[in-house]
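Trainee: next come a sequence and a model predicted from it.
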Amino acid sequence: MSQIATSTTTTFSEIAGKVTEGSRIGRDEARWLWSNASDEELRSLAAMVRGRFHAPATCTYMVMRIINYTNVCVAQCDYCAFYKLPSQDGGYVLSQEDVFAKLDELLALGGDLAAFNGGFNPHLPLSYYCELFAAIRARYGDGLEFYALTIAEFMYLADHAKLSYSEAAARLKDAGVRWITGGGSEILTEEFRARHSKFKYTVAQYFEAQRAIVEAGLKTTATMVIGFDESLEERLEHLERTRQFQDETGGLASFLCWTFKPYFTQIGGIEITTAEYLRHLALCRIYLDNIPRIRTSVLTQNEQALGGLNYGADDFDLPIEDEVTQKAGATISLDFERILNYARELGYTPTYRHVSLGQPPWVEV
Ligand code: SF4
C-alpha cells in the first residue's frame, strides 16, 4: 500500500496522476478535490478507482429489511426521530413471533438479508438478543442472513451486561451471529459526538469495539451519514479513521454512506442535495482505496441514489422497511423493477448479491 501524501499538490492533473499510478491521496488532496474539482473530474477519478475492483458496467444489489426490534432508547441523540425514553408512551419491543413475521415477508418479497437496529433499551438483557438470534438461525438456517445489531447497540449491550467487547462478541457468535455492522457511526469525530450524541459512545470506544468484533471472527462494515452540521474537516477525519482501521484490520466488507433525514428531529435542518451526496460518494471511493465495495443509499436518496454508480459506487440495497429513517422522512418503494431500471438506463447490469450462504430458491440471480 502506498504512503499517505504529504505534499501540497494543488492541481487536478497532479492529483489525477497520483490516482492513476495507484498512489494514495491524503487529506490536503481530498480537500482540494472537494473544493475545486468539477463533477466530471470527480466522476472520472472515482470510476478509475472503482474499475480496480469491479467491471465497468456491472453493479450489485440486495433486497433487505431493517428490523427495528425496539424503539426504547436512553441515548437521546438530537438527530433521531425514532426513539422513546423508557418513561414515554409509545415504546415497544418486538417478540420473536413479530420478528419471524417480518422475516417471512422479506423472503416472500425476494430478499435474504435482515438488519437489526433498535434503541439502547435498558430493559432488554443479553438473553433477549441471544435467544432471538439463535431462534432465527434455527428457523431459517443459511437461507437468510442477518446483520445482528450495529456497533453502537453492541457497545451498549456489552456495557449493560458488564462484559468486555470481546466477551460480548463471543456470546453473540455462540448464538449464531455472523455480522455486526458499522451502523450508528454517523460522523466519527469526538466533536460531533459531543455536539449531538454525548451518551452514545466515544470514537475511541467505537473502534475498540469494532476491533473486538473483527478479532472474534465476526464480519463488519463501515458506514457514514452526512448532512448534519459536520464540517469538511470532520468528513475527512471520518474517512481517514475508516481507511486507517481497514489498513490495520482488513475487516471492513463494505462502506455505505447515506444522508441525514431531518424531519421531526430535535436539530431539524434541511436535507443536502443529491448533487452534494454524489460528489461525496466519489470522494469516498477515491479516498477509501482499500475498501472494494462502496454502496449508495436508495433508502435516503430513492432512485436518485443510482446516480452514485457513476460516482464510484458499485452496490445498493432495495430496502422494504426502516422505521428509523422513515420516521425522519425517508420514503420506500417496493417497485424494485422501476428502481433497477434506473441502473439499466445508466448502462449498468444489476445482479442480485446474496449475503446468505444458502441459495434461496425464491431469489432470481
Ligand atoms: S439514533 Fe439510535 S442510539 Fe441515538 S437516540 Fe436514536 S435509537 Fe437511540
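Mentor: Perfect, thanks for sending it.
Trainee: which bits of the stretch 151-300 of the chain sit near the ligand?
Mentor: Counting by C-beta under 6 Å from any ligand atom, the residues of the stretch 151-300 of the chain close to the ligand are 152, 200. Heads up, the C-betas are built off the backbone N, CA and C, glycines and all.
Trainee: what segments of the stretch 151-300 of the chain are strands?
Mentor: Ranges of strands in the stretch 151-300 of the chain, per DSSP state E, counting those that start in this stretch, are 179-181, 220-226, 252-259, 294-296.
Trainee: what's in contact with the last one?
Mentor: Counting by C-beta atoms under 8 Å, 6 or more residues apart in numbering, the neighbours of strand 294-296 from elsewhere in the structure are 50, 254-257, 281, 284-285, 288, 305-309, 311-317.
Trainee: got it, and stretch 317-333?
Mentor: 61-68, 71, 80-82, 102, 105-106, 109, 111, 117, 258, 260-265, 271, 295, 297-300, 302-303, 334, 336, 339-340.
Trainee: report the buried members of the residues you listed.
Mentor: The neighbour count (16 or more other C-beta atoms under 10 Å) marks 61-68, 71, 80-82, 102, 106, 111, 117, 258, 260-262, 265, 271, 295, 297-300, 302, 336, 339-340 as buried among the contacts of stretch 317-333.
Trainee: tell me the most buried of the strands of the stretch 151-300 of the chain?
Mentor: strand 294-296 (a mean of 28; mean count of other C-beta atoms under 10 Å).
Trainee: what lines up beside that strand in the sheet?
Mentor: Here strand 294-296 has these sheet partners by DSSP bridges: strand 252-259 (parallel), strand 315-319 (parallel).
Trainee: export only the CA atoms of the first one, formatted as CSV.
Mentor: Just to be clear, that refers to strand 252-259. Output of strand 252-259 as CSV, limited to C-alpha atoms (Å, rounded to 0.1, in the frame of the first residue of the first chain):
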residue,chain,number,x,y,z
LEU,A,252,-14.5,-3.9,6.6
ALA,A,253,-16.5,-5.7,4.0
SER,A,254,-18.1,-2.6,2.6
PHE,A,255,-18.6,1.1,3.1
LEU,A,256,-22.1,2.7,3.0
CYS,A,257,-22.8,6.4,3.2
TRP,A,258,-26.3,7.8,3.5
THR,A,259,-27.8,11.3,4.1
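Trainee: longest strand in this protein, please.
Mentor: Longest strand of the chain, by residue count under DSSP state E: strand 58-67.
Trainee: tell me the angle the helix or strand that that strand is followed by makes with strand 58-67.
Mentor: Moving toward the C-terminus from strand 58-67, the next helix or strand (DSSP states H and E) is helix 96-108. Taking axes from the mean of the first three to the mean of the last three C-alpha atoms, to 10 degrees, one finds helix 96-108 and strand 58-67 inclined to each other by 160 degrees.
Trainee: pull out the buried residues from helix 96-108.
Mentor: So helix 96-108, judged by 16+ other C-beta under 10 Å, has buried residues 99, 100, 102, 103, 106, 107.
Trainee: just checking, the last one touches residue 139?
Mentor: Read it as residue 107. No: with contacts counted by C-beta atoms under 8 Å, residue 107 stays clear of residue 139, the gap being 11.0 Å.
Trainee: check which helices and strands the helix or strand hosting residue 135 sits against.
Mentor: Element membership for residue 135, per DSSP H and E: helix 126-140. In this structure, helix 126-140 makes packing contacts with helix 96-108, strand 145-150, helix 151-160, helix 165-174, judged by 3 or more C-beta pairs under 8 Å, 6 or more residues apart in numbering; DSSP states H and E.
Trainee: okay if I get the ones you listed as JSON lines plus mean pLDDT?
Mentor: Converted to JSON lines, those look like this (pLDDT from 0 to 100):
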{"stretch": "helix 96-108", "mean pLDDT": "96"}
{"stretch": "strand 145-150", "mean pLDDT": "95"}
{"stretch": "helix 151-160", "mean pLDDT": "97"}
{"stretch": "helix 165-174", "mean pLDDT": "98"}
